[in-house]
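J.: below are the sequence and a predicted model for it; my questions follow.
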Amino acid sequence: MKTDIYRQLQKQLDQYSMGFPATESRIELKILKYLFSEADAAMFTALTPRLEIAQTVAARLDRPEAEVAAQLDDMAERGLLFRLKKEDGPRYGAIPFVHGL
């Protein structure tokens, strides 16, 4: 299971502008495991680059909104996803992995 969610995450990141290709050494999986917990990886793969409110993400995952919002905020604070703060609440989206940031 661990490798599967991280491989799924790698494939999703590879579709974005910066890419994140698979390697023979599988170093990309080691990097992702260092940055993302399994729960974070699963959350990220449930996101799209389109900005969404936590309620929408929670409904898609069939999880409590407060729990999802807390995880999304934590991930945004660690730079794992994009958060746009708006007057009516934050919006979240998947972002390309940029090496060195």
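T.: The structure has been received and is ready for your questions.

J.: what residues of the one helix or strand residue 60 maps to count as buried?
T.: According to DSSP states H and E, residue 60 maps onto helix 54-61. Using 16 or more other CB atoms under 10 Å as the test for burial, helix 54-61 gives 54, 57, 58. Backbone N, C-alpha and C define where each C-beta goes, glycine included.

J.: give the contact list for the residue most central in space within the chain.
T.: The centroid of the chain falls nearest to residue 44 when counting by CA atoms, centre = their mean (2.3 Å). Shown in contact with residue 44 (CB atoms under 8 Å, 6 or more residues apart in numbering): 9, 12, 36, 75, 80, 81, 94.

J.: so the fourth one is in which element?
T.: In other words, residue 75. Short version: residue 75 belongs to helix 65-77, going by DSSP H and E.

J.: so for that helix, mean pLDDT?
T.: For helix 65-77, mean pLDDT rounds to 97.

J.: centre of the chain to the helix or strand containing the residue nearest to the centre of the chain, how far?
T.: In this structure, residue 44 sits in helix 38-45 according to DSSP H and E. How far helix 38-45 lies from its chain's middle: 6 Å, per CA atoms, centre = their mean, to the nearest Å.
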